[in-house]
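**Student:** Okay, sequence plus prediction incoming.
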Amino acid sequence: MKVIIIGSGWSGCAAALTCKKAGADVVMYEKTDMVLGLGNVGGIMRNNGRYTAAEEIIALGAGDLIGITDSLTRHKNLDFPGHAHAWLYDVNKIEPVVRKYIVDKGIKLNLISRVVDVKMNGSKIKGIYTANGDYEEADAFIETTGSTGPMGNCIRYGNGCSMCILRCPSFGPRISISSCAGIPDLHGERTDGNYGAFSGSCKLAKETLDKSLVDEIEKKGVVVLKVPKEDINLDKLKAKVCQQYALKEFAENVILLDTGHVKLMTSYYPLEKLRKIHGLESAKFVDPYSGGKGNSVRYLSVAPVSTDLKVKGVDNLFCGGEKSGLFVGHTEAICTGSLAGHNAVRYAYNIPTLVLPNDTVIGDIISYATYKIKTKEGRKNRYTFAGAEFFNRMKERGLYSTDRKEIQNRIASLGLTDIFNKKLV
């Protein structure tokens, strides 16, 4: 039995691993020359409720990728405005380690292979076509292409192509596979009604910053610098994808995190204003290259899914990551991808798909976001374990915990321990 996965970000890699564990032959298609996508410039794990979710996915049997990020962590248990006990992995080391792990598991990885269309057989996908003219069939398909790009969307809904890590000009535009299968995309919205939202952070080259500042960042993991009063822009927070960082502290300060590069916690920042801040007089953006003007625009392609992450209207297509809902973050991508991968194999073997109960934070965020995207107001929000609306819900429902044993016991009480780690047939 074969599953094809389109996209190899955190969600695609997680889906590939649970597919393989469940007993499938797995083939991945990735349009660029690297796996992990935005994971190559992210770096933040285990902050706030993401700690709970990370321990849940480990207890469920799909903690492989959490283990890798933990092993490459530069700083543990950092606090910064609105966030507690964050872990920062090294974005410059993560990709080759994850790639090797995937390939060593026997997963076939096709890089620089952009899927551009599907062949349908009634309400099922029969096979996929690549830009090179190749065709391949499978029993089930998982789309984890994300929601960013192509270039035209960043131009239409943002400030132009920001030359981000996804590199659409070089490797071609992202294609919505669910749309190719005949299912219209849903879109995230901003408070003003426009589609999409700007990615939430940039990367600065350490070599371009004041050495004493770099030393402090590398020692502490986080440094907070005051923004000159005349440059504070609270309105820009409304356009951010990461509502957990849309706090006034992120407008009144420059918050810098050590993820290998220096992570600048703002969607973009005019270079001439950035260089007014002490220690940043020679700062240079490394992702996106146009971080002084804009950033990539996300949430422009979301598929309508059920709580088992199957696309509504297509029998054998599942989604994970941002493609499956208005989710924000690596942990969220790993969790949704893991469920999508497991359920794709269940479907192909004619086993009832798994819906994680709302007594788990993973099951609750999926059901909550799936419901909220149906509403006008819900499409203006984003859903993350790390803050904003859903983290408040976690705390209200008593699901937020940093007690590993407590979380393991919760999963065990539901009869779900190691469920993603077992072969289905």
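**Tutor:** Arrived safely.
**Student:** Walking through the chain, point out its helices one by one.
**Tutor:** 10-22, 50-59, 64-71, 94-104, 151-157, 168-171, 177-180, 211-220, 249-252, 271-274, 330-348, 361-372, 388-396, 404-413 (DSSP state H).
**Student:** mean pLDDT lowest for which of those helices?
**Tutor:** Looking over the helices of the chain, mean pLDDT reaches its minimum on helix 249-252, with a mean of 82.
**Student:** what's it in contact with?
**Tutor:** Helix 249-252 has contacts (C-beta atoms under 8 Å, 6 or more residues apart in numbering) with Pro81, Gly82, Lys226, Val227, Ile232, Asn233, Leu234, Lys236, Leu237, Ile255, Met265, Thr266. From N, CA and C alone the C-beta is placed, and that goes for glycine too.
**Student:** and if we set it to 6 Å?
**Tutor:** Outside of helix 249-252, the residues within contact range by C-beta atoms under 6 Å, 6 or more residues apart in numbering are Pro81, Val227, Ile232, Asn233, Leu234, Leu237, Met265.
**Student:** ok, how many other residues are close to the second one?
**Tutor:** In other words, Val227. Here the number of neighbours of Val227 (other C-beta atoms under 10 Å) works out to 19.
**Student:** ok, now which ones touch it?
**Tutor:** Listed by C-beta under 6 Å, 6+ apart, the contact partners of Val227 are Glu252, Asn253, Val254.
**Student:** got the phi/psi numbers for it?
**Tutor:** Dihedral angles phi and psi of Val227 (degrees, to the nearest 10) take the values phi -90, psi 140.
**Student:** Repeat that for the fourth one.
**Tutor:** In this entry, Asn233 is assigned phi and psi values of phi -130, psi 90 (degrees, to the nearest 10).
**Student:** Name the nearest residue to it, sequence neighbours excluded.
**Tutor:** Setting aside the residues directly before and after it, Asn233 is nearest to Ala251 in space (C-beta to C-beta, 6 or more residues apart in numbering), at 6.0 Å.
**Student:** just the first one next, same as before
**Tutor:** Nearest residue to Pro81, sequence neighbours excluded (C-beta to C-beta, 6+ apart): Glu249, at 3.8 Å.
**Student:** where's the one you found relative to Gly387, distance?
**Tutor:** Shown here: Glu249 relative to Gly387, a distance of 12 Å by C-beta to C-beta, to the nearest Å.
**Student:** out of the two, which sits in the more crowded spot?
**Tutor:** With neighbours defined as other C-beta under 10 Å, Glu249 and Gly387 compare such that Gly387 has more, 23 against 13.
**Student:** can you tell me how far the more buried one sits from Gly82?
**Tutor:** In this structure, Gly387 lies at 6 Å from Gly82, with C-beta to C-beta as the measure.
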